[in-house]
Structures are given as C-alpha cells and as structure tokens.
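Engineer: here are the coordinates; sequence isn't available:
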C-alpha cells in the first residue's frame, strides 16, 4: 500500500492554522484529492478534566497532564507533564498511522520544544512530510485572539510566541503579510 502524504501546519495560537488547513483541504478537494484535517485539539478535548489545570480549575492530575499557567504579563504558558507528553506521542503516531494507511493528512499542530520536534521526526520518519510554519507579530496575534470570542485561552498567543522556534520548515509564512489564499496556493503547489 502506498503511504499518503502529510502536511504539518505549525505556529502559535491565532496565527491562522485552521484557516490555512481548511483552505488546503478545499484546494485539494477541487482537484479531486481527499485530504483529512486532523489537530491536537481533538486529543486535548479527549482528556479528562482531572488532567487539565487552568485558572481556578486545578485538575487532580493536572501536573501530569496539561497545565495552563497565567503569567504576570497575562500570557498563558502550557506546561506538559508526563501524561501530556504521552498524549503528544500518541497524537504524532496517530497522524503517521493515518498517512501510512494511504490517506493524505493536513495536521494542525504546535511544536512545543526540542523533545516534541524529535518525537515528530521519529513518528513520521517514513512518511512524505511537508513542514509549514506560520508566524505573525505578537500585536497581530493578540488582536486576532481578542476578536475571536470563542477562544477560551485568551493569552495563549503571547505565551506561545515567547517560546523559541523549534524545527526545520519547508515553508515559512508571515500570515499578517500574506493572504490565506496565497499561502494555500503556495503550499499546495
């Protein structure tokens, strides 16, 4: 069986990962190509509340899972515990398994640190992968975050932007300069 292809779209919160992923999916569909969009949020929503800590909700096992810490500058930093790391590993391998099953995948993800990047590379070593990094200025990200009232994690854009960039990317785009449609055409090409 022939493996599917994988496009991993990374970047901080509010940078436009979902917009680009859905745009890519539509672009490929117009060409008669099936591409699934998958994202880490599906796994995150599957976590029991006891493995998540945010604000006044301090999950019993939050330190082992996902802890969202608010800093003095109102940013939110995600701290991954050992179970949170296991969730990331499962996510990476699930994405790779879908591609190995012959389906094309557009994956929305955030590369948290060197360990996360190295695990990604291990998980998708035999899958044709295009790595895309989206960026924008912090001011633009925060404006987008404020404008989107559905975002539960106001301040995540600032927290993610403070992290050092990890990984090597095939395509890097500033979404505050380039329109989503142009970004999609560039990646699809």
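Structural biologist: Perfect, I can see it now. Bear in mind the structure is a predicted one, so any value in this text is a computation, not a measurement.

Engineer: Secondary structure element for residue 130, which one?
Structural biologist: Counting by DSSP states H and E, the element that carries residue 130 is strand 129-135.

Engineer: and that strand, how far from the chain's centre?
Structural biologist: Between the mean C-alpha point of strand 129-135 and the mean C-alpha point of its chain there is a distance of 10 Å (Cα atoms, centre = their mean, to the nearest Å).

Engineer: for it, which positions count as buried?
Structural biologist: By neighbour count on 16 or more other Cβ atoms under 10 Å, the buried set for strand 129-135 is 129, 131, 132, 133, 134, 135. The way it works is simple: take the backbone N, C-alpha and C, and place the C-beta from them, glycine included.

Engineer: Reformat the residues you listed as CSV; add pLDDT.
Structural biologist: Compiled in CSV, the buried residues of strand 129-135 are given as follows (pLDDT from 0 to 100):
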residue, pLDDT
129, 98
131, 98
132, 97
133, 96
134, 95
135, 92
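
Engineer: With respect to residue 115, which of those residues is nearest?
Structural biologist: Nearest to residue 115 out of those is residue 131 (Cβ to Cβ; 16.8 Å).

Engineer: measure the nearest residue to the closest one once chain neighbours are set aside to residue 123 for me?
Structural biologist: On the basis of Cβ to Cβ, 6 or more residues apart in numbering, the spatially nearest residue to residue 131 that is not a chain neighbour turns out to be residue 169, at 4.5 Å. According to Cβ to Cβ, to the nearest Å, residue 169 and residue 123 sit 17 Å apart.

Engineer: Can you pull the phi/psi pair for residue 67?
Structural biologist: In this entry, residue 67 is assigned phi and psi values of phi -110, psi 120 (degrees, to the nearest 10).

Engineer: What is the burial count for it?
Structural biologist: Neighbours of residue 67 under the rule other Cβ atoms under 10 Å: 19.

Engineer: what's the answer for residue 109, then?
Structural biologist: Once other Cβ under 10 Å is used to define contacts, residue 109 is seen to have 21 neighbours.

Engineer: Need the contact partners of the helix or strand of the chain with the lowest mean pLDDT.
Structural biologist: Among the helices and strands of the chain, helix 156-161 carries the lowest confidence by mean pLDDT, DSSP states H and E, at a mean of 71. Here helix 156-161 makes contact (Cβ atoms under 8 Å, 6 or more residues apart in numbering) with 12-15, 68, 71, 73-78, 110, 138, 141-142, 144-145.
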